[in-house]
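Q: the sequence and its predicted three-dimensional model are supplied below.
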Amino acid sequence: MPHRTPASPTRVSYQPIGRRCNAVEQRLLCALRRVADPTTRDDAVALLGGLGLDADGIGAFTTLVPLLRTGPAPIELLQPGSPFIGATELDLLACVRRLSQWRHPRPRAHHDGDATVALRDQLAQCAQAARQADLGLRLTTLSPVGLRLLDPAAWVRG
């Protein structure tokens, strides 16, 4: 169950994943949810490769997962196999999608602290991988968590 802090959204909502996500987004989330568990990590890597990600792209997404719970805008992944998607998981997909539309997104150093800069840097790498693999992520609205991650003052758009 996601925890709530002053930095987290005031609401926690879950929706059926099939209504909110296309097949690619569902497979990407399934892979990300499996990355953290050593027993399902190989399955996660295979799923990411099946989406058309190269080795660098797979590495970007697997490195992202441990960083998701850091900083002032934590993103909670639901358990593998869950038929639902959480609001912060939607934010994650939306952030990767929006950043993939920028040419060379780079986080500004020392804007919000090292943990958030590391998370933003990894999101930028995932966005580049998503663009190269042409993942076909859809654009969705962002909650306050997602808006904090994409704060224009925190990014250099090149």
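A: Great, that's in hand.
Q: do I have it right that Thr116 meets Leu68?
A: No: counting by CB atoms under 8 Å, Thr116 stays clear of Leu68, with 11.5 Å between them. Placement of C-beta: from N, CA and C, glycine included.
Q: now Gly52: which helix or strand?
A: Here Gly52 sits in a region with no helix or strand, counting by DSSP states H and E.
Q: how far away is it from Asp91?
A: Gly52 is 23 Å from Asp91, where distance means CB to CB, to the nearest Å.
Q: higher neighbour count, these two?
A: Remark: of Gly52 and Asp91, Asp91 carries more neighbours, 24 against 15, as counted by other CB atoms under 10 Å.
Q: nearest residue to that one other than its sequence neighbours?
A: Distances taken as CB to CB, 6 or more residues apart in numbering place Gly146 nearest to Asp91, at 3.3 Å, with adjacent residues excluded.
Q: please apply the same query to Ala133.
A: The spatial neighbour of Ala133 that comes closest, neighbours along the chain excluded (CB to CB, 6+ apart), is Gly52 at 4.1 Å.
Q: which residues does the longest helix anywhere in the chain contact?
A: What stands out as the longest helix in the chain, according to DSSP state H, is helix 114-133. By CB atoms under 8 Å, 6 or more residues apart in numbering, the residues outside helix 114-133 that reach it are 51-54, 56-58, 60-61, 63-64, 67-68, 70-73, 95-100, 102, 105-111, 137, 149, 154-155.
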